[in-house]
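Engineer: Fold the following.
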Amino acid sequence: MIITWAGYACFKIEGSAVTIVTDPYDPSTGLKLSAKKADVVVSSFPNSYHGNTGAVKEKGESMRVITTPGEYEIKDTFIYGIAAAMKPKKDSGNGLVIYRIEIDGLSLVFLGALDTPLQNGHLEHLEKTDILFIPVGGGSYINAESAQELISQISPKIVIPMCYKIPGAKAELDGIDKFYKEMGVKPADVLPRLKISKKDLVSGETIIKILGIE
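Structural biologist: Now for the predicted structure:
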């Protein structure tokens, strides 16, 4: 599997049979989304930062767009959309959806536009997470302190932070340095992409992976 980042909460997850794009954004956010093709697009929240699903093109014969809670199966990849609470917003739409994705033998949890701690009922769905995509920049998202607490509850093998301050982004967010401080770790090397398989995971250890913009 290959994971690349396009800023905010937008990732391309390339599995052996399915390519997934998460939370595509539109140009009003200050960043320009590079061309993306996928078999599946998931959106956690219907706004300009997370819900520009029309920007992604079909990779094959058809593309599945997922924006609501439910269970979905696409070419032996299982996606579970889970409704979660958010702070009141004018553009709340259908509310927040977080996702658990079972792909290539790995369990991925994507927390999208999460802005408030998860409840115990949600945490039950997130056990044995291999890779956790989590916002850390505060502002409209959970901050570094809340992210650290949630990571300790979920205990993933790999953490990929997202939704933090980067050049060009209009959202008012903290930099990644605050997350490093809360986690008590030194800055990690920035990777152009993450190539990962089940055999690469180390049990009993949580590793932070920082991705650069694709």
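
Engineer: Asp39 versus the residue of the chain most remote from its centre, what's the distance?
Structural biologist: Note on the chain: the largest C-alpha distance from the chain mean falls to Glu61, namely 25.4 Å (Cα atoms, centre = their mean). Between Glu61 and Asp39 the computed distance is 9 Å (Cβ to Cβ, to the nearest Å). No exception for glycine: its C-beta is placed from N, CA and C like everyone else's.

Engineer: List the contacts of the lowest-mean-pLDDT helix or strand in the chain.
Structural biologist: Ranked by mean pLDDT, DSSP states H and E, the weakest helix or strand in the chain is helix 120-123, scoring a mean of 82. Outside helix 120-123, the residues that touch it by Cβ atoms under 8 Å, 6 or more residues apart in numbering are Ile82, Ala84, Ile98, Gln153, Ile154.

Engineer: And the helices in this protein, which stretches?
Structural biologist: 120-123, 144-154, 176-183 (DSSP state H).

Engineer: Between the ones you listed, which one is closest to Thr4.
Structural biologist: helix 176-183 (17.4 Å; Cβ to Cβ).

Engineer: Quick check: Ile38 touching Thr19?
Structural biologist: That one is not Ile; residue 38 is Ala. Yes. Ala38 lies in contact with Thr19 (Cβ atoms under 8 Å); the separation is 4.8 Å.

Engineer: Mutual contacts of the two, please.
Structural biologist: Lys12, Lys59.

Engineer: Compare those two (neighbour count), which wins?
Structural biologist: Ala38 (24 against 20; other Cβ atoms under 10 Å).

Engineer: Which residue is the nearest non-sequential neighbour of that one?
Structural biologist: Spatial nearest neighbour of Ala38, chain neighbours left out: Val21 (4.2 Å); criterion: Cβ to Cβ, 6 or more residues apart in numbering.

Engineer: thought that neighbour was touching Lys57?
Structural biologist: No. Judged on Cβ under 8 Å, Val21 makes no contact with Lys57 at a distance of 9.7 Å.
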